[in-house]
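>>> okay, sequence plus prediction incoming.
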Amino acid sequence: MSDATRAEMCVAACAEAFRGDGEILASAMGVIPMLGARLARATFARDLLISDGEATLLDEDGVAEGWIPFRTVFDTLWAGRRHVMMGASQIDRFGNQNIACIGDWQKPKAQLLGVRGAPGNTINHATSYWVPNHSPRVFVDRVDFVSGIGWDRGAAEIRVVVSNLGVFDFDTPDNAMRLRWFHPDVTVEEIAAATGFPLSVEDASETPSPGDEALRVLREVLDPSDTRDAA
Amino acid sequence: MTADDVVAEIDDGMTVGIGGWASRRKPMALVKALLRSDRKDLTIVSYGGPDVGMLCASGKARKVVYGFVSMDTIPLEPHFRIARQTAAIDAVELDEGMFQWGLYAAALRLPFLPTRAGLRSDVMAINSQLRTVISPYDDGEELVAVPAIDLDVALVHLNRADARGNTQFLGPDLYFDDLFCMAAARRFVSCERVVATDEFAAAGSIHTLRIHRGLVDGVVEAPGGARFTSCVPDYDRDENLQAEYAATAGDPDAYGRFMERYLNE
């Protein structure tokens, strides 16, 4: 099995976020997080519930095993039985996230999606983030609008942030973000320079390889047409 | 009734709830009739898609209540973005679940419903109308009291209906169309096809008859009435037409030409 590409490292890192979650709903937004959730279920988190992005829960063979319209998603998330991996236009060191707008909310410079379910997600259940383009414009000192709340505002759990450069967790005394893993061929200095706040890097190590079996499942079963490297 | 008959029931300044979700099963035939009319100063309540974008771009909306405005495959609704970035409309931005709770409170004639969703987010900071309540029980927890979102009119589009207003959804998700109807004083449904009541059973199970005539004041037969948004299983989203619409943002002439065609198709 040849070495993992960056996209494959990111998929495996997203998968790792769901380790130990048990029989809960794994909601993943975007190609890389969705492949990550499905990879987790195919290899080490077999109880995860995953939808088709509409209203059908599909099992690992693609067979419909349940009905989960948006109303049921809301019920599930308010019950706390969900782990979501969302995007973030901005995120700060405590995991406060913004997908609403850039600039002053009253008359934004850039209107984005709106808060969507981020406030309710973050106060109710585990939340992780996927950032495809790690930069100081995304990893900011202060988000323009708190959509998803961070640790300092009483989030249920902000677990990890996976970016194209590395993986970040909040396993520090004050729940501030720290670098856990840097992807192969990425330096700690590069990550620090692309992050708009001080980042603890003492405990960082290289992102572990997904392993041959995970790569085989990803390449041959989950994503044979290779959507991951175009994502 | 016709779409124009529905618009005749809507006055300037009313609060209009629009069913569907993003660019899925939006009652566009009814929205088009509204766009052709001279109604103004409307408050639009929607899990927003191109319905919101058009009502903003055409100057019908004074205020929009939303959790997001998106066209799914085009994640950011460009006409809505312009309206927000020029402060052309008043905005009420809620968490998606708070939004549901507001409709549900209105449906149940309650002043509010409690939730944790929204607490300590900036949704609370920007909206001085939002209050919290303290649980009267021993836990003493502070919760958001989401105020009822009372609607004057609800507009939804479903797959089938009969002449008396019983309706049937055949896609995977009803979204919150039943709550829109329950929260509104007047409820209007457009549908792909009006059928005899005894035809429902062949098309889908009893569970698809979620919005019955007790929740509906008028039915409009409008084949293709969700276009260009999706109305599965009858049809998928028309991605080309949606992209064409999106490309007119910021160019009033192009938007005018597009709408001239779209409103009369």
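Structure received. Numbers count the residues shown, from 1 in each chain, chains lettered A, B, ... in the order given.

>>> check the most centrally placed residue in chain A and give its pLDDT.
Note on chain A: the residue nearest the mean C-alpha position is residue A:129, at 3.1 Å, using CA atoms, centre = their mean. With respect to pLDDT, residue A:129 scores 98.

>>> and what about it, helix, strand or coil?
strand (DSSP: H, G, I helix; E, B strand; the rest coil).

>>> wait, isn't it in contact with residue A:89?
No: Residue A:129 sits out of contact with residue A:89 when judged by CB atoms under 8 Å, with a separation of 10.5 Å. Any C-beta I mention is one placed from the backbone N, CA and C, and that applies to glycine too.

>>> number of nearby residues for residue A:161?
Per other CB atoms under 10 Å in any protein chain shown, the neighbour tally for residue A:161 reads 27.

>>> who does it form a beta bridge with?
Beta-bridge pairing for residue A:161 (DSSP bridges): residue A:129, residue A:168.

>>> can you give me the helices in chain A?
Secondary structure of chain A (DSSP state H): helices at A:6-17, A:31-43, A:70-78, A:118-124, A:188-193, A:212-216.

>>> most tightly packed of these?
helix A:118-124 (a mean of 29; mean count of other CB atoms under 10 Å in any protein chain shown).

>>> residue of chain B closest to chain A, please.
For chain B, the residue closest to chain A is residue B:117, as judged by CB to the nearest CB, at 3.1 Å.

>>> which of the helices or strands spans that residue?
Per DSSP states H and E: residue B:117 is located in neither a helix nor a strand.

>>> so it is in contact with residue A:122, correct?
No: in this structure residue B:117 lies outside contact range of residue A:122 using CB under 8 Å: 9.3 Å.

>>> just give the nearest non-adjacent residue to residue B:158, would you?
residue B:167 (4.5 Å; CB to CB, 6 or more residues apart in numbering or on different chains).

>>> where does the one you found land on pLDDT?
So, for residue B:167, pLDDT stands at 98.

>>> what is it paired to in the beta sheet?
residue B:161.

>>> neighbours of it, how many?
Other residues close to residue B:167 by other CB under 10 Å number 28.

>>> what about residue B:153, which SS state?
Residue B:153 - assigned by three-state DSSP - is strand.

>>> that one: what's it in contact with?
B:9-10, B:14-17, B:184-188 (CB atoms under 8 Å, 6 or more residues apart in numbering or on different chains).

>>> repeat that for residue A:65.
A:57-59.

>>> what's the closest of these to residue A:144?
residue A:57 (35.5 Å; CB to CB).

>>> now that closest one, nearest residue through space, not along the chain?
Here the residue nearest residue A:57, using CB to CB, 6+ apart, is residue A:66, at 3.6 Å.

>>> now do residue B:121
residue A:119 (3.8 Å).

>>> quick one: the one you found from residue A:42, how far?
Distance, residue A:119 to residue A:42, by CB to CB, to the nearest Å: 32 Å.

>>> same question for residue B:186.
For residue B:186 relative to residue A:42 (CB to CB), the value is 50 Å.

>>> need the contact list for residue A:52.
With CB under 8 Å, 6+ apart, residue A:52 has these contacts: residue A:58.

>>> just checking, residue A:199 touches residue A:180?
No: contact criterion CB under 8 Å: residue A:199 and residue A:180 do not qualify, at 10.7 Å.

>>> which parts of the stretch 101-250 of chain B sit against chain A?
B:115-123, B:125-126, B:172-176 (CB under 8 Å from any CB of the partner chain).

>>> between those residues, which sits nearest residue B:228?
So of these, ranked by how close each gets to residue B:228 (CB to CB), first place is residue B:175, at 17.4 Å.

>>> got a list of what the closest one touches?
A:69-70, B:19-21, B:24-25, B:47.

>>> TSV for those, including pLDDT and secondary structure?
Converted to TSV, these look like this (pLDDT from 0 to 100; DSSP: H, G, I helix; E, B strand; the rest coil):
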residue	pLDDT	secondary structure
A:69	98	coil
A:70	97	helix
B:19	98	coil
B:20	98	coil
B:21	98	strand
B:24	98	strand
B:25	98	coil
B:47	98	coil
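
>>> low-confidence stretches in chain A?
A:1-2 (pLDDT under 70).

>>> can you list the buried residues in stretch B:79-89?
Neighbour-count burial for stretch B:79-89, counted by 16 or more other CB atoms under 10 Å in any protein chain shown, picks out B:79-85, B:89.

>>> ok, now how distant is residue A:9 from residue A:17?
Counting by CB to CB, the gap from residue A:9 to residue A:17 is 13 Å.

>>> please name the nearest non-neighbouring residue to the residue of chain B closest to chain A.
The nearest residue in space to residue B:117 (CB to CB, 6+ apart) is residue A:120, at 3.1 Å.

>>> that neighbour against residue B:119, yeah?
No: in this structure, residue A:120 is not within contact of residue B:119 by CB under 8 Å, at 9.2 Å.

>>> returning to what we had before: mind putting the helices of chain A into a markdown table with distance to residue A:23?
As requested, the helices of chain A are exported to a markdown table (distance: least, CB to CB, whole Å):
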| stretch | distance to residue A:23 |
| --- | --- |
| helix A:6-17 | 17 |
| helix A:31-43 | 11 |
| helix A:70-78 | 12 |
| helix A:118-124 | 17 |
| helix A:188-193 | 35 |
| helix A:212-216 | 21 |
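
>>> how about the residue of chain A found nearest chain B, what does it touch?
Per CB to the nearest CB, residue A:120 is where chain A lies closest to chain B, at 3.1 Å. Listed by CB under 8 Å, 6+ apart, the contact set of residue A:120 reads A:74, A:77-78, B:95-98, B:115-118.

>>> residue farthest from the centroid of chain B?
residue B:138 (38.8 Å).

>>> contacting residues for it?
Neighbours of residue B:138 in contact, by CB under 8 Å, 6+ apart: none.

>>> returning to that earlier point: among the contacts of residue A:65, name the buried ones.
A:57-58.

>>> how close does the residue lying closest to residue A:36 once chain neighbours are set aside sit to residue B:63?
Setting aside the residues directly before and after it, residue A:36 is nearest to residue A:14 in space (CB to CB, 6+ apart), at 2.5 Å. Residue A:14 sits 39 Å away from residue B:63, going by CB to CB.

>>> with residue B:213 instead?
31 Å.

>>> same check on residue A:15?
For residue A:15, the distance to residue B:63 - CB to CB - is 43 Å.

>>> off-centre distance for stretch A:162-178?
12 Å (CA atoms, centre = their mean, to the nearest Å).

>>> just to revisit the earlier point, of the contacts of residue B:153, grab the buried ones for PyMOL.
Buried members of these, defined by 16+ other CB under 10 Å, are picked up in PyMOL with:
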select buried, chain B and resi 10+14+15+16+17+184+186+187+188
